[in-house]
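Peer 1: Starting from these lines, generate the structure:
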Amino acid sequence: MKTKLVEFKNRDGEILRGIITVPGEQIKGGAVFAHGFERNTTVEKKFKMMSGALAKRGVVSLRFDFAGCGLSDGDFSKMTVANRAQELLKAIEIFQKEFNFEKINFVAHSLGACVLAKALGDIKTEINKIVLIAPALNQKELLRFYFARDNNPNIKIFWQNCKQYFNEEKFLKDCAQDGRMLKEHYVDSDYFIEAKDLDFSDNFKSIKDRVLHMHGDADDKVPLKSLNIEFENKIIVKNGDHDLERPYFWDQWFDKAVDFLTNGQI
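Peer 2: Purely as a prediction, here's the structure:
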């Protein structure tokens with residue numbers, strides 16, 4: 001197994017970077033990874049470990065970081081799902097120029113699932129298998145859930161009770177704010193204005209038999225009940241959080257996900 005750094009530009013001319021992991025022997029397939037909101041694929045455990053496990057089974061992988069994240073340059077504050085979808089399509093193009101697979105696999109976490117959903121209709125290569133980890137597909141309701149929780153710090157807000165503490169007028173006004181401070185970045189209104197009416201669940205309906213859905217039943221960032229689609233192949237991780245990287249969670253899903261991508265079984 002060997003790795004190499006790749007660089008390419010998005011449509012704004014920002015340099016994005018990723019790591020291609022190549023098996024030491026015969027190449028049997030390829031996979032591209034997409035990370036979540038303020039995350040990355042280049043150093044996150046789930047992506048690093050999966051790229052290594054897939055390489056042992058002959059699968060080349062590309063784990064790249066969206067603009068403003070991880071190894072990539074760029075202004076995070078301008079991010080939108082649509083912008084990231086264009087970056088994903090460019091990453092696939094770069095990947096395919098080198099390997100030219102007939103079919104390709106995808107692994108996406110959280111908002112990365114929305115990015116993949118947005119890009120699906122423009123992916124020219126046939127899709128083999130997809131692993132979705134805690135997919136934040138229902139952006140419309142999730143953003144309202146976050147708003148209710150953030151604006152009621154002294155009340156325990158759950159998915160089931162959030163609508164009791166939600167004000168649509170204040171929410172829409174909040175969406176229009178630029179320069180919102182996040183954990184690591186600022187983000188402008190473009191993302192919220194775009195995502196506040198979007199639910200990407202339907203985008204996977206025609207291929208949902210090729211999707212493995214993994215989700216923690218204690219995920220408080222993307223509650224399992226937020227999804228408006230039921231996938232045939234799924235693993236619900238007991239007590240699992242949003243990242244599913246603690247050893248107890250890991251043992252419940254990781255090997256099964258690798259098996260699904262390489263032989264279609266879980």
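
Peer 1: okay, the helix or strand harbouring Leu89 in PDB with CA atoms only?
Peer 2: If you go by DSSP states H and E, Leu89 is part of helix 81-99. Listed next in PDB are the C-alpha coordinates belonging to helix 81-99 (Å, rounded to 0.1, in the frame of the first residue of the first chain):
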ATOM      1  CA  VAL A  81     -23.900  22.300  -0.400                       C
ATOM      2  CA  ALA A  82     -23.900  23.300  -4.000                       C
ATOM      3  CA  ASN A  83     -20.300  24.500  -3.900                       C
ATOM      4  CA  ARG A  84     -19.200  21.400  -2.200                       C
ATOM      5  CA  ALA A  85     -21.000  19.300  -4.800                       C
ATOM      6  CA  GLN A  86     -19.000  20.900  -7.500                       C
ATOM      7  CA  GLU A  87     -15.800  20.200  -5.600                       C
ATOM      8  CA  LEU A  88     -16.800  16.600  -5.200                       C
ATOM      9  CA  LEU A  89     -17.500  16.300  -8.900                       C
ATOM     10  CA  LYS A  90     -14.000  17.800  -9.600                       C
ATOM     11  CA  ALA A  91     -12.500  15.300  -7.200                       C
ATOM     12  CA  ILE A  92     -14.200  12.400  -9.000                       C
ATOM     13  CA  GLU A  93     -12.900  13.800 -12.300                       C
ATOM     14  CA  ILE A  94      -9.300  13.900 -11.100                       C
ATOM     15  CA  PHE A  95      -9.700  10.400  -9.600                       C
ATOM     16  CA  GLN A  96     -11.100   9.000 -12.800                       C
ATOM     17  CA  LYS A  97      -8.500  10.600 -15.000                       C
ATOM     18  CA  GLU A  98      -5.900   8.400 -13.300                       C
ATOM     19  CA  PHE A  99      -7.900   5.200 -12.700                       C
END
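
Peer 1: mind listing what's buried in it?
Peer 2: Under the neighbour-count criterion of 16 or more other Cβ atoms under 10 Å, helix 81-99 has 81, 83-92, 94-96 buried. C-betas here are computed from N, CA, C, even on glycine.

Peer 1: Doesn't Lys4 lie inside a strand?
Peer 2: Yes: checked against DSSP: H, G, I helix; E, B strand; the rest coil, Lys4 lies within a strand.

Peer 1: Please name the nearest non-neighbouring residue to it.
Peer 2: Of all residues beyond its chain neighbours, the one nearest Lys4 is Ile20 (5.3 Å), with distances taken as Cβ to Cβ, 6 or more residues apart in numbering.

Peer 1: Adjacent strands (with direction) for the following helix or strand past the helix holding Leu89?
Peer 2: For helix 81-99, the succeeding helix or strand toward the C-terminus, using DSSP H and E, is strand 103-109. Strand 103-109 has the following strand partners under DSSP bridges: strand 29-34 (parallel), strand 126-133 (parallel).

Peer 1: out of those, deepest packed?
Peer 2: strand 29-34 (a mean of 26; mean count of other Cβ atoms under 10 Å).

Peer 1: quick one: that one to chain centroid distance?
Peer 2: Averaging C-alpha positions (Cα atoms, centre = their mean, to the nearest Å) puts strand 29-34 12 Å from its chain's average.

Peer 1: again with stretch 22-39
Peer 2: With Cα atoms, centre = their mean as the basis, the mean position of stretch 22-39 lies at 13 Å from the chain mean.

Peer 1: Let me see the contact set for the residue nearest to Tyr191 when sequence neighbours are not counted.
Peer 2: Using Cβ to Cβ, 6+ apart and skipping the chain neighbours, the partner closest in space to Tyr191 is Thr80 (5.1 Å). Residues near Thr80 by Cβ atoms under 8 Å, 6 or more residues apart in numbering: Asp190, Tyr191, Glu194, Ala195.

Peer 1: ok, 7 Å please
Peer 2: Neighbouring residues of Thr80 by Cβ atoms under 7 Å, 6 or more residues apart in numbering: Asp190, Tyr191, Glu194.
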